[in-house]
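Visitor: build the 3D model from these lines:
(chains A and B)
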Amino acid sequence: MLFSRRLMLGLAIAGTMAGALAVPAMAESPTEIDLFFPVPVDGKLARDMGTLIKEFNETHPAIKATAVYTGSYDDTLIKTRAAIKAGKPPSAVIMSANFLLDMQIENELTNLDSLIAADGATKDQFLGQFFPALQGNAVINRSVYGVPFHNSTPLLYINADKAKEAGLDPNKPPQTWAELTDWAKKLTKREGDKVTQWGIAIPCAYDYCGWMMETLTMTNGGRYYNEEFGGEVYYDTPSMLGALTWWNDLVYKHKVHAPGATPGPAVSTSFISGNAAMMMLSTGSLTYVRDNAKFNYKVAFIPRNVRNAVPIGGASLIVPAGLEADKQKAAWTLIKWMTSPEKSAWWSRATGYFAPNMAAYKTPDMVDFLNKNPDAKTAVEQLDVAKPWFATYKTVPVRKNLEDEVMLVLNGKKQPKEALAAAQKAADETLKPYNAETSLKLP
Amino acid sequence: MSLAEPAALPVATSAAPRLHLLKRLSSRFRASLPAYLLLLPSLVFLALFTYGAMGRVLIDALYQRATPKAPVRFVGLDNISAVLADPAFTGAVVNNLIYAVGTAIPSIGLALLFALALSRTNAVSSALRAALFLPVLIPMVAASALFLFIFLPNVGLLDYYIGRLLPVVPNWLGDPDIALTAIMVITIWKNAGYYMLFFLAGLQAVPEDVMEAAHLDGAGPFMRLRYIILPELKPTFLFVIVIATLNAVTQVDHVFVMTKGGPSNSTNLVLFYIYQQAVEHYDIGKASAATLLTLAALMGLTALSFRTMANREGRA
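Guide: Residues are numbered from 1 along each chain as shown, chains lettered A, B, ... in the order given. Down below sits the predicted model:
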């Protein structure tokens, strides 16, 4: 305690001195901007970001951008909000795409329409560069608040060797829930009551669980939330009931999915070690699987019950509210540069996310890369059926209202029907203040 | 002053002492001025970062927004009653009580056992002491990341060995019935070595001659433990219990890294609940109110135990 206080004092003094020294030097220098960036997958991303920003600074002498690493997606939201509250917002942030609505409701985002108009482009022209599926999370009330930067969708990963062993053709992956259930049964190995190999693994931890529930609900024809209005979620609905019941059946009826809530890293480790023969996971894990799997694997669309549909994931670039005009302009230059086809394609190859800018896939380097790694193509193809990621008022608590109940179901402590009714009730309660101000504020 | 002029005495005492006192005070102040000046930087930072923050929490706890766009307004104790009515908070308090008792007792018991076993210094006991102290040196976050791997269902280190013995391998962190226990095991592993240090120090203070006398009187090892060592260790016990309780409330790094309070809030502790209110719900009023409640409980507990300690020492 004493030590840390002393350390803080030292740091504070050092900081003041550094600030005092830096001020005169800054007087004639270029516009300085900060970019907050999270690393949601692995450490290599930070180095790639350094390379990217260095190149930007070399080609843009009037701007000096600094990339500031801010932890996970959730941490980045916290730090951005703290910086805004302290009156020193960063100039640009790579923000989880489904936090944008909540930030907009809290007046923390800069409306980008005027910056787009200043470039002489219409909104449609600007948004037209990106895959249509990504626009839903970038546009709020017909105004642009974010620019898609790196994105993902869930995929079905199949251990091709084990499929062949079980007499299944990995080149014809399961396309429906019925087929997937059948595959999972054939791929589950038992010794007496004990399962030595699980047919399928689907992650469920805070954040991932909500995303997987949205995936299953969407392939069952559902919507999960109101895309047009942040005050409604559709938890207690037939489409979600079917989705959760099927997940529950995989665990307790067919016994092809391990009971309990399993986080994403545990699922991928399980798949890599051969303990699970199939898994549903983000495209963001594709590079990890490619580098670590000692067997042949296949990736496929998420199977459907009613229709093919998946939510997107990933992050968008945003400009926080309350910036000076020159910083705003410099940030906008940086954002446009980072989301250009060439940079977008480079970032996609470096990280495993797909590039949101459609033109990125026409660059020669990207065409080459896709020919060498056809599995990366599946993710892009699935984009045709992708839809926005759930975003509501207080996205995280509303998501947690559902996740807590799903976890109870996966642990055999609740039946799907009552769990979803409880989740709906809790979410309605969380959304109440927003509805009081919007849908229920009557003249 | 002589006995011959007694009348002068009251006059002198009526005026002079006050002046005297003032003078004394100012001279005392002058004497301690350098000390205050030297303390000033620390006092400024203490005020800014310790008491300032506490004051801010106190103010924040009294304000709330009715709807997202509404301005914050004074709501008095509404935030506190909202926190108390929140089942997630009461759940976190219950979890925290289980966690506090379930980590304090085993880790203190183990610490005492280790200290008794290793109280004599030789090469072997020094090596063992170092080994038992090792978990203290590992940062909680790093340890949690390690245990995350150990607890991995089906493929983790633990299931790899235990899985052969059990018919169904438990999902250590994914089952709401087991997750809190798993978290507690890590805490015990991490803290027992630390508390051992206090007991080792406490054992040094047990008077040698009393022990020898008891030995001569024919007291066996158990009798010596029961009637001499344990009573001598009482202050150490009190101190370690306070530290262990504080740890149970303030150490939530592993919850943060391993479970985020899940599954289904089964490992949600009070401090993590506060974090959730502040960050996920973005509800500073409720987070501050929960902080105040926790702070009050902790301060009460600490005051109580230190008073008991002071009483005990006063009696001795």
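Visitor: contact partners for the closest residue to B:Ile229 other than its chain neighbours?
Guide: Excluding the flanking residues, the one nearest B:Ile229 by Cβ to Cβ, 6 or more residues apart in numbering or on different chains is B:Val206, at 5.7 Å. C-beta coordinates here come from the backbone N, C-alpha and C atoms, glycine included. Shown in contact with B:Val206 (Cβ atoms under 8 Å, 6 or more residues apart in numbering or on different chains): B:Ile228, B:Ile229, B:Glu232, B:Leu233.
Visitor: residues near A:Pro388, how many?
Guide: A:Pro388 has 21 neighbours, counted by other Cβ atoms under 10 Å in any protein chain shown.
Visitor: contacts only, for it.
Guide: A:Ala133, A:Gln135, A:Gly136, A:Asn137, A:Glu227, A:Pro311, A:Ile312.
Visitor: so where do the strands sit in the chain?
Guide: No chain was given, so I picked chain A. A:31-37, A:63-69, A:92-96, A:139-140, A:143-144, A:147-152, A:154-159, A:189-191, A:194-197, A:278-282, A:297-300, A:310-311, A:313-318, A:386-387 (DSSP state E).
Visitor: let me rephrase: I mean chain B.
Guide: Using DSSP E, strands in chain B cover B:63-64, B:73-74.
Visitor: correct me, but A:Gly210 touches A:Trp389?
Guide: No - between A:Gly210 and A:Trp389 there is no contact under Cβ atoms under 8 Å: 9.5 Å.
Visitor: more crowded one of those two?
Guide: The neighbour comparison of A:Gly210 against A:Trp389 (other Cβ under 10 Å) goes to A:Trp389, with 28 against 25.
Visitor: who in the stretch 301-443 of chain A is up against chain B?
Guide: Residues of the stretch 301-443 of chain A lying close to chain B (Cβ under 8 Å from any Cβ of the partner chain) are A:393-394, A:396-397, A:400, A:403-405, A:407-408, A:410-411, A:413, A:430, A:433-434, A:436-437.
Visitor: low-scoring stretches of the stretch 151-300 of chain B, by residue?
Guide: Within the stretch 151-300 of chain B, no range satisfies pLDDT under 70.
Visitor: spell out which parts of it neighbour chain A.
Guide: B:152-155, B:167-168, B:171, B:173-177, B:260-265, B:276, B:279-282.
Visitor: just the buried residues from the residues of the stretch 301-443 of chain A next to chain B, in PyMOL please.
Guide: The PyMOL command for the buried members of those (criterion: 16 or more other Cβ atoms under 10 Å in any protein chain shown) is given here:
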select buried, chain A and resi 393+394+396+397+400+403+404+405+407+408+410+411+430+433+434+437
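Visitor: report the helix or strand with the lowest average pLDDT across chain A.
Guide: Least confident helix or strand of chain A, by mean pLDDT, DSSP states H and E, is helix A:2-26 with a mean of 47.
Visitor: quick one: low-confidence ranges for chain A?
Guide: A:1-28, A:40-44.
Visitor: do that again at 50, thanks
Guide: A:1-3, A:9, A:11, A:14-27, A:42-43 (pLDDT under 50).
Visitor: in it, which residue sits nearest chain B?
Guide: A:Gly260 (3.2 Å; Cβ to the nearest Cβ).
Visitor: related to what we said a few turns ago, out of the contacts of A:Pro388, what pair is the most spread apart?
Guide: In the contacts of A:Pro388, two members sit farther apart than any others by Cβ to Cβ. They are A:Gln135 and A:Pro311, at 13.7 Å.
Visitor: what would the strands of chain A look like in CSV with mean neighbour count?
Guide: Output for these, formatted as CSV (neighbours: other Cβ atoms under 10 Å in any protein chain shown):
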stretch, mean neighbour count
strand A:31-37, 21
strand A:63-69, 17
strand A:92-96, 27
strand A:139-140, 18
strand A:143-144, 16
strand A:147-152, 26
strand A:154-159, 26
strand A:189-191, 11
strand A:194-197, 16
strand A:278-282, 25
strand A:297-300, 20
strand A:310-311, 28
strand A:313-318, 26
strand A:386-387, 22
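Visitor: to B:Gly163, which of these lies closest?
Guide: Comparing the strands of chain A by Cβ to Cβ, strand A:194-197 comes nearest, at 8.5 Å.
Visitor: could you name the helices and strands sitting against that closest one?
Guide: Helices and strands touching strand A:194-197, by 3 or more Cβ pairs under 8 Å, 6 or more residues apart in numbering or on different chains; DSSP states H and E, are strand A:189-191.
Visitor: chain center to the strand it packs on: distance?
Guide: Mean-position distance between strand A:189-191 and its chain equals 35 Å (Cα atoms, centre = their mean, to the nearest Å).
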